[in-house]
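Peer 1: Can you look at this prediction? I've put the sequence above it.
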Amino acid sequence: MSGNTAARPRWYIRTWHVVREIIRLRPPRSAWRERVLARIGYLRVLLDRETCENLSCVDAECRRRVLVDGARVRLDNAAAATVERFHWRRPWSGATALEGAWANVRAADVLLLEIVPAALLPDRAIDILAMARNHLGRKDLRTVALGKRVGAADITETDRNLLIRTLDAAYAALDAEYARVRSLRNLLWAATLCVLVGVAGLAVYGWFNPKSLSLCFSPSPSPAVTQAPALVVPDPAATRLVVCPSGEFVWGTKGVIAGNYATSGDIITVEVAGLAGAALTVIGSLRRIQGTSAPFMLPLAAAALKFPTGALSALIGLLLIRGAFVPGLSDLDSRAQVLAWGVAFGAAQHLVTRLVDERAQSTLKEVGRPPGGDVAPEDATGGAAARTES
């Protein structure tokens, strides 16, 4: 690739770059690595601030320079994460890079709070108090202490350490909230993959062994048989069909057992019908999906789980009908009925997956909300006093 690059076709060069990017060995990106690296960088800056061994200046100027340089490095790392080109790694690296970028931005914000002028501390204190109430709760000791200082309008240089510790704890709580969302997202995608593998495995097994998972029905009574025991001839007055998901067959052409008429495409046909039923429930659940600022597509993961689950429930439902498990429902009269029941069973998966939807929505609502929905004692007292006066 070095000597005659100009002679190579353009498509060849592009293909070579893509292949080189794919085979390039890189450590796998994950959210916890990004957060740990950002935290390590933050602690290194604090360590350099305390030592100041490599700077020949007075102590105060040395510490300020270390903090400024450390904040600049954190911001540079955040900017690099936002413009990184992921290529084929984009589906699982985009959200991880976004979380890593925000972790560096938050670390830089905490570092800048250590060098911000004292005159700006009262303004920052109001913002930090609001964030602490949202993520730490009103009963947290740091929130209570900061609330008293802000309420007294007496934020001075001595409160800087309280502001730093409160802001750092609020950001840590926000990271924990995002971690819960990410964990549930990963769990849903893993469950979707497992169910998908199971559905695909059943389809492959049914393709090569259609009679072992027969979904064929023989709704009408057995036809009249002639005197020859080896030959089954359907009576024209009692002609019936063997109903399978992939077609309908005249009784007797393949014997008197309905399972002999099963074809390789029966399982796939039923699973496609289940997918159609699941798609209807996904469309219906869109009206309850709310937008979120979390960098994770949790509603998408919950919706994706419905499709393979619908295919699996359609197959299991028809197997139960085939085995006369449902009282009064053992045979279906036409291929259209088989497919209709497949769609119905595919949509019935919503009875189970709606619990997953509710869990996903509740997890998203917990982001940015105080733990346990606690209320400050002074707020409750004030509210009671106001009601008494009125």
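Peer 2: Okay, I see it. These numbers were taken from a predicted model, which means no experiment stands behind them. Numbers count the residues shown, from 1 in each chain.
Peer 1: so where's the longest helix in the chain?
Peer 2: What stands out as the longest helix in the chain, according to DSSP state H, is helix 160-208.
Peer 1: Does anything pack onto that helix? Which helices or strands?
Peer 2: Helices and strands touching helix 160-208, by 3 or more C-beta pairs under 8 Å, 6 or more residues apart in numbering; DSSP states H and E, are helix 31-51, helix 90-113, helix 121-135, helix 141-151, helix 266-285, helix 298-322, helix 350-365. C-beta here means a position set from N, CA and C on the backbone, and glycine is covered the same way.
Peer 1: what mean pLDDT does that helix have?
Peer 2: Taken as a whole, helix 160-208 carries a mean pLDDT of 90.
Peer 1: do you know which of the helices and strands packed on helix 160-208 lies nearest residue 244?
Peer 2: Among the helices and strands packed on helix 160-208, the nearest to residue 244 by C-beta to C-beta is helix 266-285 (5.7 Å).
Peer 1: Report the distance from that closest one to the chain centre.
Peer 2: Mean C-alpha position of helix 266-285 versus that of the full chain (C-alpha atoms, centre = their mean, to the nearest Å) differs by 21 Å.
Peer 1: picking that back up, how far does the helix or strand just after the longest helix of the chain sit from its chain's centre?
Peer 2: Once the chain leaves helix 160-208, the next helix or strand it forms, by DSSP states H and E, is strand 241-244. The chain centroid and the centroid of strand 241-244 are separated by 42 Å, computed with C-alpha atoms, centre = their mean.
Peer 1: Run a quick check on residue 361 versus residue 285, I expect a contact.
Peer 2: No - checked against C-beta atoms under 8 Å, the pair residue 361 and residue 285 is beyond contact range at 10.2 Å.
Peer 1: The nearest residue to residue 177 once chain neighbours are set aside and residue 180: what is the separation?
Peer 2: Closest residue to residue 177 apart from its sequence neighbours, by C-beta to C-beta, 6 or more residues apart in numbering: residue 367 at 4.7 Å. Per C-beta to C-beta, to the nearest Å, residue 367 is found 8 Å from residue 180.
Peer 1: Looking at the two, which has the bigger crowd around it?
Peer 2: residue 367 (17 against 14; other C-beta atoms under 10 Å).
Peer 1: low pLDDT regions in the stretch 201-350 of the chain?
Peer 2: Applying pLDDT under 70 to the stretch 201-350 of the chain flags residues 220-240, 251-256, 289-295, 328, 330.
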